[in-house]
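Colleague: Show me how the following folds:
(one chain, ligands or ions: 1)
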Amino acid sequence: MKFIFMLLFPFTLFSLSTFITKSEYAQQLYKNPRGIACGLCHGKQGEGKLIAKYKHKNKEKSFVGPAINNIQYTVFYKALNSRIKGMPRYYLTPKEVEALYFYLHRNDQKKAKNAQ
Ligand code: HEC
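Modeller: Just a heads-up that it's a prediction; the model follows:
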């Protein structure tokens, strides 16, 4: 009995991980990437966001998360593997970075069609 369980266990694990679609996985990662959500600083769709306004030496300043849904994959990948001022370091795997990029660009084809 125990033997059968051990034999089946890896398969149940595998089926669990394939239970969600690539799209759902990517969305979850964007919302909860083992740390604070990307969307809090970069906007829900990666369109960029004003995080805060403040005054420094009597000058109005703003802290902005730039748009990240309009950059090349290599730029995106490099950024996530380097230290960025004002952004937490996530230590994502290449697969995770790819999923995030996929998430931010999932509607590109639709957008292009609508623009025609
Ligand atoms: C606490 C706010 C914050 C969070 C959370 C955050 N970022 Fe950022 N991110 C920033 C800021 C601020 C910059 C721009 C820094 C600069 O201008 O030097 C930035 C820059 C970037 C860049 C580089 C953009 C470019 O044009 O070079 C990428 C890519 C990026 N973030 C992706 C992400 C992803 C993906 C996540 C989630 C895993 C994330 N960020 C979470 C604040 C944040």
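Colleague: Pass me the low-pLDDT residue ranges in the protein, would you?
Modeller: 1-18 (pLDDT under 70).
Colleague: Tell me who's in contact with residue 88.
Modeller: Listed by C-beta atoms under 8 Å, 6 or more residues apart in numbering, the contact set of residue 88 reads 35, 36. All C-beta spots, glycine's among them, are computed from the backbone N, C-alpha and C.
Colleague: now with 6 Å?
Modeller: Residue 88 is in contact with residue 35, counting by C-beta atoms under 6 Å, 6 or more residues apart in numbering.
Colleague: Number the residues from 26 up from this point.
Modeller: Shifting the count to begin at 26 puts that one at residue 113.
Colleague: For residue 55, give its distance to the ligand.
Modeller: Using C-beta to the nearest ligand atom, to the nearest Å, residue 55 is found at 7 Å from the ligand.
Colleague: Just the terminal-to-terminal distance for stretch 127-141.
Modeller: 23 Å (C-alpha to C-alpha, to the nearest Å).
Colleague: cool, and stretch 63-80?
Modeller: So stretch 63-80: terminal residues 25 Å apart, C-alpha to C-alpha.
Colleague: touching the ligand at all, that stretch?
Modeller: Yes: for stretch 63-80, a contact with the ligand is found by C-beta under 6 Å from any ligand atom, at 63, 65, 66, 67.
Colleague: Isn't the third one up against residue 90?
Modeller: Yes: here residue 66 reaches residue 90: they are 3.4 Å apart, a contact under C-beta atoms under 6 Å.
Colleague: who touches both of those two?
Modeller: What both residue 66 and residue 90 touch, as defined by C-beta under 6 Å, 6+ apart, is the set residue 76.
Colleague: ok, which stretches of this protein are strands?
Modeller: 74-81, 84-90 (DSSP state E).
Colleague: okay, those strands in JSON lines with mean neighbour count next?
Modeller: Output for those, formatted as JSON lines (neighbours: other C-beta atoms under 10 Å):
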{"stretch": "strand 74-81", "mean neighbour count": "10"}
{"stretch": "strand 84-90", "mean neighbour count": "12"}
